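*Asks:* Requesting a structural model of the entry that follows:
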Amino acid sequence: MASSWTGKRVRLRAIEPDDWTAFARFADDDGRRVGRLELPRSTESYRAWAKEQAVAEYGDDRFRLAIETTATRELVGAVGSDRTGRCSGWFECDVMIGADHRRRGYAAEAVVLLLRFMFAERRYHKCLAAVLAHNEGSLALFRRLGFIEEGRLREHVFFAGGHHDLVMMGVLADEFDRRHTVSVP
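*Replies:* Prediction:
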């Protein structure tokens, strides 16, 4: 591994202003996939968001990184740390992969790279992930990475005309380390 931010399939990098077109396309894909009806967003709002992300300061260890393939340098998604409980040692992560790029191992590798950084460099003790109960793909992904279901918030999220359960999953730093050891030369 040439960098802490590069794996076999993906490289994590800062979001650049020109990334707005890919993120606009990903948002359109996700809206159709989950059946959510959202207000239309302007091209300018996507441009502004990407520009904001490009210069954002990472206060409180909350940040979003672009996921690009190592083979083609194509932007395929994003991974990030959304919320943190610095004093208690936890953070919440999420990952999003564009519809055309799913099921290729990009999400798993991106989350592993993020967790290595947050556990080893930032010294967090626990990572949480909130997943909609009907999202079998994401539930399976986090289980494969060693996360366990810690709780279920019943009918917690409303979209597509109904209430949906939210599954809270977690992994501790030592559990992660046992599954995802890094060999040092």
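*Asks:* Next, count neighbours for residue 21.
*Replies:* 13 (other Cβ atoms under 10 Å). Using the backbone N, CA and C atoms, a C-beta is placed for each residue, glycine as well.
*Asks:* check contacts around it.
*Replies:* residue 46 (Cβ atoms under 8 Å, 6 or more residues apart in numbering).
*Asks:* Give me the mean pLDDT for the one helix or strand it maps to.
*Replies:* Element membership of residue 21, judged by DSSP states H and E, is helix 20-34. What helix 20-34 shows for mean pLDDT is 74.
*Asks:* C-terminal to that helix, what's the next element?
*Replies:* Helix 20-34 is succeeded, C-terminally, by helix 43-55 (DSSP H and E).
*Asks:* Please state the offset of that following helix from the chain centre?
*Replies:* Remark: helix 43-55 is offset 18 Å from the chain centroid, using Cα atoms, centre = their mean, to the nearest Å.
*Asks:* Can you show me the CA trace of it as CSV?
*Replies:* What follows is helix 43-55, C-alpha atoms only, in CSV (Å, rounded to 0.1, in the frame of the first residue of the first chain):
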residue,chain,number,x,y,z
THR,A,43,-26.9,22.7,-10.9
GLU,A,44,-25.6,25.7,-9.0
SER,A,45,-26.5,24.1,-5.6
TYR,A,46,-24.3,21.0,-6.5
ARG,A,47,-21.5,23.3,-7.7
ALA,A,48,-21.7,25.3,-4.4
TRP,A,49,-21.8,22.1,-2.3
ALA,A,50,-18.7,20.7,-4.0
LYS,A,51,-16.8,24.0,-3.7
GLU,A,52,-17.8,24.1,0.0
GLN,A,53,-16.5,20.6,0.6
ALA,A,54,-13.3,21.4,-1.2
VAL,A,55,-12.4,24.1,1.3
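*Asks:* by contact count, what packs against that helix?
*Replies:* When contacts are defined as 3 or more Cβ pairs under 8 Å, 6 or more residues apart in numbering; DSSP states H and E, helix 43-55 packs onto helix 20-34.
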